[in-house]
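Enquirer: Would you be able to build a 3D model of this:
(one chain, ligands or ions: 2)
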Amino acid sequence: MNAPAPIPTIALVIPVFNEQAVLPELFTRLTALFDGTHDCAWRPVLVDDGSHDPSASLIRAQSARDPRFELVELSRNFGFQSALAAGLAHARGAEAVVTMDADLQDPPEIIPQLVVAWRGGAEIVRAMRRTRAETGLRRVGFDLFHRLFGSLSDFPIEPNTGTFGLIGRHAVEAFHQLPERHRFFPGLRAWIGFPTADVLYDRQERAAGVPQQTFRRLIRYALDGVFSFSHLPLRVLTYAGIFVACMGFAAGLFFILWRIFQFERSPTGFTTLAALITFLGGVQLIGIGVLGEYLGRIYDEVKRRPNYIVKPAARSARPPPC
Ligand code: UDP
Ligand code: MG
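Expert: Numbering: from 1, shown residues only. Ligands and ions are numbered 1, 2, ... in the order given. Predicted coordinates:
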């Protein structure tokens with residue numbers, strides 16, 4: 001008789017930053033899910049991204065109650081993408097990894113469907129929003145980014161997908177081969193390839209608390225998304241340069257001919273000059289800005305600083321007395 005197939009371990013990587021208000025509900029809903037499904041071994045990895053509130057202690061207490069819950073504590077706040085990378089590194093060895101937010105906007109109840117799609121042969125399963133809970137400026141920002149990213153990137157991401165999803169072990173290993181510092185998870189997930197499936201879900205409101213990603217940080221990730229996945233801004237600059245140079249040449253020729261043939265009195269041209277100087281100044285500044293974006297990223301990459309620092313487990317507690 002054949003031995004029963006071993007059940008796969010599924011890790012859940014969940015970045016946490018100041019989420020004390022949602023953690024109790026997150027623990028309850030995850031535990032209900034784990035207790036209701038027996039064909040996988042669950043391994044929730046909560047990455048505390050330098051919270052200023054007692055999130056880390058809450059996770060530690062939960063881990064003491066239920067050892068399936070693991071805490072990875074970063075030495076300070078490194079940002080969502082870095083916390084995610086830390087969790088993925090920690091979860092190596094699991095057969096598959098679910099990536100999700102802590103605030104329950106990504107409902108854990110969808111996870112079994114992600115697992116079914118993975119078992120069906122997809123190495124990457126993206127949870128796709130049927131509806132979005134965000135409204136106002138944040139919503140406009142998300143929509144604008146997806147439209148921009150879609151038209152710029154060589155590896156467009158599906159507009160209604162985000163971090164929430166599942167990636168198999170081979171995809172996790174592929175992630176670890178990507179050495180870059182500026183990481184934009186959905187873009188990298190599209191870049192690594194592999195058979196991909198989508199599972200529809202309704203994006204929820206945050207269960208409690210307020211969004212922890214500031215608008216500034218979201219804009220930074222959006223820029224990372226664009227500049228790490230496209231050289232188009234540089235190419236646009238070249239085209240703009242060629243266009244402006246041709247226009248300048250044509251205008252110069254026009255004024256020389258005007259002067260030679262003296263059709264009319266030569267133009268005094270102050271307005272034209274002022275307009276041209278400001279226009280060209282603007283184009284040049286934009287050009288320098290775009291170059292700077294790439295240059296800054298190259299600088300960050302060559303420094304080769306790690307993306308995050310994990311607090312050693314022993315340091316999480318108080319140091320022993322001397
Ligand atoms: N988060 C994090 N580090 C940060 C900011 C946020 O780990 O510096 C976590 C946060 O706790 C949550 C997830 O990232 O689990 C998504 O953050 P949030 O809900 O604030 O962002 P949004 O839903 O607007 O993308
Ligand atoms: Mg959220």
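
Enquirer: which residues of the stretch 101-250 of the chain score low on pLDDT?
Expert: Across the stretch 101-250 of the chain, the stretches falling below the confidence threshold (pLDDT under 70) are 133-134.

Enquirer: Those residues of it touching ligand 2, which are they?
Expert: Selection of the stretch 101-250 of the chain residues close to ligand 2 by Cβ under 5 Å from the ion yields 101, 103, 105. To be clear about C-beta, it is placed using only N, CA and C from the backbone, and glycine gets the same treatment.

Enquirer: give me every residue that touches the last one.
Expert: Contacts were defined as Cβ atoms under 8 Å, 6 or more residues apart in numbering; by that measure residue 105 touches 133, 203-207.

Enquirer: now these: which count as buried?
Expert: 203, 206-207 (16 or more other Cβ atoms under 10 Å).

Enquirer: Out of the residues you listed, flag the one nearest to ligand 2.
Expert: If you rank the buried ones among the contacts of residue 105 by distance to ligand 2 using Cβ to the ion, residue 206 comes first, at 5.4 Å.

Enquirer: Which secondary structure state does that closest one sit in?
Expert: Classification of residue 206 using DSSP: H, G, I helix; E, B strand; the rest coil returns coil.

Enquirer: Could I get the full set of helices for the stretch 101-250 of the chain?
Expert: Taking DSSP state H, counting those that start in this stretch to define them, one finds helices in the stretch 101-250 of the chain at 111-119, 136-152, 169-176, 185-192, 215-229, 232-261.

Enquirer: Does the second one reach ligand 1?
Expert: Okay, so that is helix 136-152. No - judged by Cβ under 6 Å from any ligand atom, helix 136-152 makes no contact with ligand 1; its nearest approach is 6.5 Å.

Enquirer: contacting residues around residue 154?
Expert: 229-230.

Enquirer: Reformat the residues of the stretch 101-250 of the chain next to ligand 2 into a markdown table and put distance to residue 69 next to each item.
Expert: Converted to a markdown table, those look like this (distance: Cβ to Cβ, whole Å):
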| residue | distance to residue 69 |
| --- | --- |
| 101 | 16 |
| 103 | 17 |
| 105 | 20 |
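
Enquirer: any idea how far the closest residue to residue 199 other than its chain neighbours is from ligand 1?
Expert: If you skip the residues right next to it in sequence, residue 199 has residue 113 as its closest partner in space, 4.8 Å away by Cβ to Cβ, 6 or more residues apart in numbering. Taking Cβ to the nearest ligand atom, to the nearest Å as the measure, residue 113 and ligand 1 are separated by 21 Å.

Enquirer: still on that earlier bit, next, format the helices of the stretch 101-250 of the chain as JSON lines and append distance to residue 273.
Expert: Listed next are those as JSON lines, based on distance: least, Cβ to Cβ, whole Å:
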{"stretch": "helix 111-119", "distance to residue 273": "62"}
{"stretch": "helix 136-152", "distance to residue 273": "34"}
{"stretch": "helix 169-176", "distance to residue 273": "54"}
{"stretch": "helix 185-192", "distance to residue 273": "44"}
{"stretch": "helix 215-229", "distance to residue 273": "34"}
{"stretch": "helix 232-261", "distance to residue 273": "11"}
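
Enquirer: picking that back up, run through the residues of the stretch 101-250 of the chain next to ligand 2 and flag the ones next to ligand 1.
Expert: Checked against ligand 1 using Cβ under 6 Å from any ligand atom, these give the following subset in range: 101, 103, 105.
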